[in-house]
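**Q** no FASTA, just this:
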């Protein structure tokens, strides 16, 4: 028995890798999923904030992540954009991550295609088609994180004289009919946006709090990866952040709240299985470890008595 | 002079920015806006400098034929191909038209339009090479965490046991299956995150903040000069 347990403790790690692989692949391949993610309070805070905005209000969405964190963070961006498009809330999107521009373009293009025709919202209300320039503008990437955050507190045109496609940003309070980006006639700085939502796999949300919130008092919400969300609870409690979307579970929560299950919800079953698998490994490893240690001690005592 | 001038500039700029923060006078605001513009220009040039430095490092390795020169070749090629596809829009068309006649040959065109649009070579490189590569690297984390937790997470001491129990509760409480087992698990998980976790994080944050202030003061006053580089000079 002891030898079996000792062998178990020294199991080839490739067996563990195989279990993890199967735990992810089987639910994804069979298409089985969970129907509820049981939204957390910190996600509801973000949802309620957007839900209480008026049509025409503007939020700034900073997608500050790279391809490594796409599976976790993309579902958040998509769910947030869907919520804004459903509500008629306009979005000024940008990225402060060098690898973020391609991600933003892909997400925005996909969502604009989805909302290219008038439709019915999940709550039954009607909504018109959403258009680039009218309902969303993508400013692109700009290097210099803190400088950009501070600069946008003065005038976004300082940093972004054009959008990512090279279209000139119209003057503040300019004639919306004379530009293809009429939404930007209503934006000068943080005073004109209801909140900044930063989706990030880096420390970027802390910079947003330090530079945009502390200096310009704009409200900050954030969506981060599951490995780092615990770091942001102090900001949430102090009110420096108005809400927090933690990891793929947070994205699934948001999808459930807007009644539009998507990639976040699909990821919930594999993630649940892997979490349970890791817990099972930890428990089994500890049981085997203590049995082997106890028997080693007992054998040691017996050996001592013989001598 | 090589060291004194940068230290002096740093001191002046640091003091100006501190004073400016507390003075809401129009002159102070104008200074702030000018400095913001400078900052953006400096940061952009720093990025160019970084790219040049990276290119020089790998080109030197290639020229000398250092060990693993092949990786340098991959890095340099990737850098220039990505740059070119970002600046110019390359297109391969199945056919082209001359005065109303459709000529069924492949044709390669280059335009100076930005390559940052769906379906362009730049975006294809991004979507089909960079995204899968980076996602693969990050996904490996799940495999290593599973293996490491099995091998090293042992309740050898009371502290380790406490950590282990907290980790198990949070891990199960943060996925929907935790709710399905019992609503007490997510509630306990939230309690751990909102109380002991937050208390510890706040302590760390205050420490980091005070450390940041003292380091900033040391740099402004010229006491800390390691940022100038030069190793042990």
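**A** That came through, no problem. None of these values were measured; they are calculated from a predicted model. Residues are numbered from 1 along each chain as shown, chains lettered A, B, ... in the order given.
**Q** Contact residues of the stretch 151-300 of chain A facing chain B?
**A** Residues of the stretch 151-300 of chain A lying near chain B by C-beta under 8 Å from any C-beta of the partner chain: A:151, A:154, A:158-159, A:164-166, A:226, A:230-231, A:233-234, A:237, A:246-247, A:249, A:252, A:268, A:271-272, A:274-279, A:281-286, A:289-290. C-beta coordinates here come from the backbone N, C-alpha and C atoms, glycine included.
**Q** Quick one: the strands in the chain, in order.
**A** Here I'm looking at chain A. Using DSSP state E, the strands of chain A run over A:58-64, A:90-95, A:119-120, A:126-127, A:136-141, A:196-200, A:220-224, A:243-246.
**Q** switch to chain B, that's the one I care about
**A** Listed in chain order, the strands of chain B (DSSP E) span B:89-93, B:96-98, B:101-103, B:107-111.
**Q** just to revisit the earlier point, just the buried ones from the residues of the stretch 151-300 of chain A next to chain B?
**A** Neighbour counting with 16 or more other C-beta atoms under 10 Å in any protein chain shown marks A:151, A:154, A:158-159, A:164-165, A:226, A:230-231, A:233-234, A:246-247, A:249, A:252, A:268, A:271-272, A:274-279, A:281-282, A:285-286, A:289 as buried within those.
**Q** circling back to that earlier point, of the strands of chain B, which shows the lowest average pLDDT?
**A** Note on those: lowest mean pLDDT is at strand B:107-111, with a mean of 55.
**Q** just checking, residue A:72 touches residue A:245?
**A** No. Residue A:72 is beyond contact range of residue A:245, at 10.1 Å (criterion: C-beta atoms under 8 Å).
**Q** neighbour-wise, which of those two wins?
**A** The neighbour comparison of residue A:72 against residue A:245 (other C-beta atoms under 10 Å in any protein chain shown) goes to residue A:245, with 30 against 27.
**Q** still on that earlier bit, in TSV, list the strands of chain A along with mean pLDDT.
**A** Listed next are the strands of chain A as TSV, based on pLDDT from 0 to 100:
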stretch	mean pLDDT
strand A:58-64	96
strand A:90-95	96
strand A:119-120	89
strand A:126-127	90
strand A:136-141	94
strand A:196-200	97
strand A:220-224	97
strand A:243-246	96
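**Q** How about the residue of chain B found nearest chain A: what's its closest non-neighbour residue?
**A** Going by C-beta to the nearest C-beta, chain A is nearest to residue B:43 of chain B, at 3.2 Å. Take residue B:43 and drop its neighbours on the chain: the residue closest to it by C-beta to C-beta, 6 or more residues apart in numbering or on different chains is residue A:144, 3.2 Å away.
**Q** which residues touch that neighbour?
**A** Counting by C-beta atoms under 8 Å, 6 or more residues apart in numbering or on different chains, residue A:144 touches B:39-40, B:43-44.
**Q** Out of those residues, which end up buried?
**A** B:39-40, B:43.
**Q** Which ones among those residues lie within helices?
**A** Among the buried ones among the contacts of residue A:144, the ones falling in helices (DSSP state H) are B:39-40, B:43.
**Q** Save the residues you listed as JSON lines, and put in pLDDT too.
**A** Below are these laid out as JSON lines (pLDDT from 0 to 100):
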{"residue": "B:39", "pLDDT": "87"}
{"residue": "B:40", "pLDDT": "85"}
{"residue": "B:43", "pLDDT": "87"}
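**Q** tell me which of these is nearest to residue A:296?
**A** If you rank these by distance to residue A:296 using C-beta to C-beta, residue B:43 comes first, at 59.7 Å.
**Q** Quick check, the residue in chain A closest to chain B?
**A** Closest point on chain A to chain B, by C-beta to the nearest C-beta, is residue A:144, at 3.2 Å.
**Q** By mean pLDDT, flag the weakest helix or strand of chain B.
**A** Using mean pLDDT, DSSP states H and E, the weakest-scoring helix or strand in chain B turns out to be strand B:107-111, at a mean of 55.
**Q** List the buried residues in stretch A:186-197.
**A** So, applying 16+ other C-beta under 10 Å, buried residues of stretch A:186-197: A:186-190, A:192-197.
**Q** ranges for the helices of chain A?
**A** Using DSSP H, helices in chain A cover A:2-9, A:13-30, A:41-51, A:70-87, A:100-114, A:145-154, A:156-159, A:204-207, A:214-216, A:233-238, A:247-257, A:263-266, A:268-306.
**Q** Nearest to residue B:24, out of these?
**A** helix A:214-216 (12.0 Å).
**Q** Could you tell me how far the closest one lies from the centre of the chain?
**A** 24 Å (C-alpha atoms, centre = their mean, to the nearest Å).
**Q** and if you look at stretch B:119-127?
**A** The answer for stretch B:119-127 is 21 Å, by C-alpha atoms, centre = their mean.
**Q** how long is it from one end to the other?
**A** 10 Å (C-alpha to C-alpha, to the nearest Å).
**Q** Quick one: low-confidence residue ranges for chain B.
**A** Where chain B drops to pLDDT under 70, the residues are B:90-116, B:230-233.
**Q** Would you mind giving the domain segments of it?
**A** The domain map for chain B lists B:1-86, B:88-140, B:153-226, with the assignment taken from automatic domain parsing.
**Q** Out of those, which is the most enclosed?
**A** Comparing the domains of chain B by mean neighbour count (mean count of other C-beta atoms under 10 Å in any protein chain shown), domain B:153-226 comes out on top with a mean of 15.
**Q** what's the straight distance from one end of that domain to the other?
**A** One end of domain B:153-226 sits 39 Å from the other (C-alpha to C-alpha).
**Q** Can it be said to contact chain A?
**A** Yes. Domain B:153-226 lies within reach of chain A by C-beta under 8 Å from any C-beta, at B:153-155, B:164, B:167-168, B:171-172, B:174-177, B:179, B:186, B:190, B:193-194, B:197-198, B:201-202, B:205.
**Q** Take those residues and keep only those in helices.
**A** Filtering the residues of domain B:153-226 next to chain A for helices - DSSP H - leaves B:164, B:167-168, B:171-172, B:176-177, B:179, B:186, B:190, B:198, B:201-202, B:205.
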